[in-house]
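*Asks:* sequence below, structure please.
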Amino acid sequence: MTQATEAAGWSPGIHPSAVEKADGPATSVAGIPTQPRAPGPRPAPPAQDAPGQPAPAAAHRGGSLALAVLLLGQFMAILDVSIVNVALPTLRADLHTSDAGLQLVVAGYVLSYAVLLITGARLGGILGHRRSFLAGLAVFTVTSLACGLAPTSGSLIGFRFVQGAGSALMTPQVMSMIQRTFTGPARARALGLLTAVVAGGVVVGQAAGGLLVSADIAGSGWRPVFLLNVPIGAMLLAVGPRVLPVDHGKRGESLDVPGLLVLSPAVLLFVLPLILGHDEGWPAWCVASLVVSLAFFAGFVAVERRVAARGRRPLISVKLLRTPGLLPAAGVLIFAPVTWGAFLFTTTLHLQGDLRMTPLRSGLAFVPCAAAFALVSLNWQRLPATWHRWVIPAGFSVAALADLWIGPVARGGAWYEIVTAIIGLGLGVMPIVMGVALEHVPVELAPDASGLLLTLIQLGQVIGIATIGSLFLTVTDSSHSTRHAEYSTGWTLAAVAAAASVTALILARRRVAETARPATA
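*Replies:* Just a heads-up that it's a prediction; the model follows:
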């Protein structure tokens with residue numbers, strides 16, 4: 001059987017990973033060993049693809065180029081979260097922006113992005129992932145141009161909100177199209193690249209922002225950090241329609257409007273105080289907003305049950321939540337972004353604080369960490385198959401131990417670089433978690449899974465920066481030293497990484513039990 005036939009040889013309703021399981025010898029899916037099926041005749045491949053299904057990657061001539069388009073679009077969306085931070089002092093001087101205005105320049109993008117992610121994922125399932133990706137990319141590119149040409153801080157803030165909405169429509173389609181287009185090891189590698197892009201985009205944003213602002217091209221100051229997206233977005237819009245697999249969505253399916261009307265304010269009320277709370281001194285409205293958000297989340301659960309009881313498809317279906325391995329993996333995906341986001345945020349402040357690095361140098365200081373992350377995330381499959389299930393808890397344990405040394409080596413130098421690189425090495429297992437979470441997700445639920453997991457990752461990063469970042473800033477204010485703040489920050493990061501390790505260990509043991517059941521049946 002050729003590679004193309006193996007990729008296409010599954011019927012609608014059968015998860016693509018079942019093809020590998022039917023091939024005889026025990027294999028692994030997303031790094032988790034599976035049991036072989038009993039020998040038997042293989043089903044004949046369908047005469048044509050099911051309606052709305054894209055052609056598998058192996059049969060799609062532009063498979064590698066399509067993946068490159070998807071990952072570059074994802075990279076731009078993540079880059080815009082951090083690249084703006086370095087430009088804020090220049091932006092304040094040019095547009096005479098207030099402190100609140102500067103906060104909204106950063107927060108506006110993150111807010112609309114986080115609030116609309118699940119909605120964007122569902123729209124992809126209804127309208128088609130290819131169409132939604134290109135539409136979101138177009139909105140993102142046009143608003144990037146508008147941000148770069150904005151004459152006032154007010155217009156810039158408004159464009160940033162719309163830019164975040166474009167990202168929320170574009171980025172969920174990346175994971176969905178990977179899930180629907182690739183199978184087996186190809187899917188695991190694609191998801192590894194996706195997670196590396198998500199994690200590394202923040203690091204590259206710091207360095208790229210510093211480089212562009214320092215260059216001050218033609219006296220443009222901060223504007224190139226937005227204008228950089230325009231030629232890249234235009235190129236992707238030209239190439240994307242030629243190489244991305246075509247799908248037509250699900251005709252007749254409608255958006256869960258009641259669920260959307262409850263979930264959107266729930267996420268907004270949760271994220272807004274976490275972003276603005278520290279700078280505002282944690283006023284009463286922040287606490288009230290968090291409490292009310294919990295009530296909205298509880299209301300969302302009730303609304304979704306009512307939608308399902310009426311025979312309609314909710315934003316987050318019960319079937320998705322019952323997918324084996326999804327919830328334990330989602331638990332790990334909460335802890336992991338907390339420690340990664342907080343680590344990048346606090347380390348950047350320390351590099352530009354007591355270590356007195358320029359924005360460009362501080363961005364480049366993360367290169368060893370990012371390289372170590374990529375080394376693990378892209379090569380873990382080379383390890384013996386019997387190690388795969390334990391790689392995730394081992395990685396977070398390594399990160400936790402390294403976090404404990406952040407304070408003692410905070411004076412800088414080679415040892416500080418080594419410790420940060422070890423942290424990146426440990427957290428490089430995050431892509432494996434993504435693969436495990438999606439391992440058993442049926443293709444028709446790929447949009448729901450994409451929206452849910454991306455929202456969890458985004459919320460995890462916001463929670464990490466708001467909590468551990470606030471601790472770092474508070475200690476820095478009281479001690480007037482970022483080096484002193486690194487001690488308490490390191491201990492807290494170690495505790496979160498240890499919690500991720502424990503959760504990952506539970507996940508690994510559950511996977512062992514699941515693979516043992518067929519053998520004992």
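*Asks:* residues contacting stretch 135-147, please?
*Replies:* Applying CB atoms under 8 Å, 6 or more residues apart in numbering, the contact partners of stretch 135-147 are 73, 76-77, 80, 120, 127, 155-156, 159-160, 162-163, 165-171, 173, 226-230, 233-234, 236-237, 240. For glycine as for every other residue, the C-beta is placed from the backbone atoms N, C-alpha and C.
*Asks:* try it again at 6 Å.
*Replies:* 73, 156, 159, 162-163, 166-167, 169-170, 226, 229-230, 233, 236 (CB atoms under 6 Å, 6 or more residues apart in numbering).
*Asks:* now it: how far from the chain's centre is it?
*Replies:* 20 Å (CA atoms, centre = their mean, to the nearest Å).
*Asks:* coming back round to it: and the two most separated of the contacts of stretch 135-147?
*Replies:* Greatest spatial distance among the contacts of stretch 135-147 (CB to CB): Leu156 and Leu236, at 23.5 Å.
*Asks:* secondary structure element holding the residue nearest to Leu169 when sequence neighbours are not counted?
*Replies:* Nearest non-adjacent residue to Leu169, counting by CB to CB, 6 or more residues apart in numbering: Gly136, 3.2 Å away. Of the helices and strands defined by DSSP states H and E, Gly136 is found in helix 129-148.
*Asks:* what's the neighbour count on the residue lying closest to Val230 once chain neighbours are set aside?
*Replies:* Leaving aside its chain neighbours, Val230 sits nearest to Leu145 (5.0 Å; criterion: CB to CB, 6+ apart). Burial measure for Leu145: 16 neighbouring residues, criterion other CB atoms under 10 Å.
*Asks:* again with the one 5 residues further on
*Replies:* Other residues within reach of Ala150 by the criterion other CB under 10 Å amount to 21.
*Asks:* per-residue pLDDT, it?
*Replies:* You'll see Ala150 listed with a pLDDT of 92.
*Asks:* same check on Gly353?
*Replies:* pLDDT, read off for Gly353, is 87.
*Asks:* and it, what are its phi and psi?
*Replies:* Per-residue torsions, Gly353: phi -90, psi -100 (degrees, to the nearest 10).
*Asks:* just to revisit the earlier point, need the next SSE after the helix holding Gly136, C-terminal direction.
*Replies:* Where DSSP H and E defines the elements, the next helix or strand beyond helix 129-148 is helix 153-181.
*Asks:* returning to that earlier point: quick one: the residue nearest to Leu169 from Phe300, how far?
*Replies:* According to CB to CB, to the nearest Å, Gly136 stands 24 Å off from Phe300.
*Asks:* tell me what the helix ranked longest in the chain is packed against?
*Replies:* Looking across the chain with DSSP state H, the single longest helix is helix 482-520. Judged by 3 or more CB pairs under 6 Å, 6 or more residues apart in numbering; DSSP states H and E, helix 482-520 is in contact with helix 326-352, helix 388-403, helix 446-479.
*Asks:* out of the ones you listed, deepest packed?
*Replies:* Most buried of the helices and strands packed on helix 482-520 by mean neighbour count (mean count of other CB atoms under 10 Å) is helix 326-352; its value is a mean of 24.
*Asks:* list the buried residues for the helix or strand following it?
*Replies:* Of the helices and strands lying after helix 326-352 in sequence (DSSP H and E), the nearest is helix 359-364. By neighbour count on 16 or more other CB atoms under 10 Å, the buried set for helix 359-364 is Pro359, Leu360, Ser362, Gly363, Leu364.
*Asks:* now do helix 359-364: distance to the chain's middle.
*Replies:* Relative to its parent chain, helix 359-364 has a centroid offset of 23 Å by CA atoms, centre = their mean.
*Asks:* run through the neighbouring helices and strands of the next helix or strand after it.
*Replies:* Using DSSP H and E, the helix or strand that follows helix 359-364 in sequence is helix 367-379. The contact analysis (3+ CB pairs under 6 Å, 6+ apart) places helix 367-379 against helix 184-215, helix 414-427.
*Asks:* CA atoms of the helix or strand just after the shortest one as CSV?
*Replies:* Proceeding C-terminally, helix 414-427 gives way to helix 430-438 as the next helix or strand, assigned by DSSP H and E. Output for helix 430-438, consisting of C-alpha atoms alone and laid out as CSV, is shown next (Å, rounded to 0.1, in the frame of the first residue of the first chain):
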residue,chain,number,x,y,z
MET,A,430,4.4,20.8,25.1
PRO,A,431,3.8,19.8,21.5
ILE,A,432,3.5,16.1,22.7
VAL,A,433,0.6,17.1,24.9
MET,A,434,-1.2,18.7,22.0
GLY,A,435,-0.8,15.5,20.0
VAL,A,436,-2.2,13.4,22.9
ALA,A,437,-5.2,15.8,23.3
LEU,A,438,-6.1,15.4,19.6
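*Asks:* now helix 430-438 against helix 184-215, angle please.
*Replies:* 130 degrees (axes from the mean of the first three to the mean of the last three CA atoms, to 10 degrees).
*Asks:* quick check: mean pLDDT across helix 430-438?
*Replies:* Averaged across helix 430-438, pLDDT comes to 77.
*Asks:* just how off-centre is that helix within its chain?
*Replies:* 11 Å.
*Asks:* tell me the angle of it relative to helix 446-479?
*Replies:* 140 degrees.
*Asks:* list the buried residues of helix 430-438.
*Replies:* Neighbour counts using 16+ other CB under 10 Å place Met430, Pro431, Ile432, Val433, Met434, Gly435, Val436, Ala437, Leu438 of helix 430-438 among the buried residues.
*Asks:* and the contacts of it?
*Replies:* Helix 430-438 is contacted from outside by 30-31, 179, 188, 191-192, 195, 325-326, 329, 332-333, 336, 377, 392, using CB under 6 Å, 6+ apart.
*Asks:* which among these gets closest to Ala410?
*Replies:* For the contacts of helix 430-438, the closest approach to Ala410 (CB to CB) belongs to Ala336, at 23.2 Å.
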